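Participant: no sequence for this one, just the structure:
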């Protein structure tokens, strides 16, 4: 019984994790003349 309950719980946890959506973050990527890579993202969530 414990083994069955564990398997059902593990299946529910793994199944729900596979449907999670990742949030896409908009950014701009620049490479400067000296080779430095700059990633720019504007965060408007807090003033």
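Facilitator: Right, received. Where do you want to start? Every value quoted in this text rests on a predicted model; they were computed, and no experiment measured them.
Participant: lowest average confidence, helix or strand, in the chain?
Facilitator: When the helices and strands of the chain are scored by mean pLDDT, DSSP states H and E, helix 2-18 comes last with a mean of 71.
Participant: buried set for it?
Facilitator: The neighbour-count check on helix 2-18 (16 or more other C-beta atoms under 10 Å) flags nothing as buried. Bear in mind the C-beta positions are built from the backbone N, C-alpha and C, glycine included.
Participant: any idea of the mean pLDDT in the next helix or strand after that helix?
Facilitator: Of the helices and strands lying after helix 2-18 in sequence (DSSP states H and E), the nearest is strand 28-31. On average, the pLDDT along strand 28-31 is 97.
Participant: next helix or strand past strand 28-31?
Facilitator: Using DSSP H and E, the helix or strand that follows strand 28-31 towards the C-terminus is strand 37-40.
Participant: grab the nearest non-local neighbour of residue 27.
Facilitator: residue 41 (4.4 Å; C-beta to C-beta, 6 or more residues apart in numbering).
Participant: for residue 28, same thing?
Facilitator: residue 40 (4.6 Å).
Participant: for the residue nearest in space to the middle of the chain, what are its contacts?
Facilitator: Geometric centre of the chain, nearest residue: residue 22, 4.5 Å, by C-alpha atoms, centre = their mean. Applying C-beta atoms under 8 Å, 6 or more residues apart in numbering to residue 22 gives no contacts.
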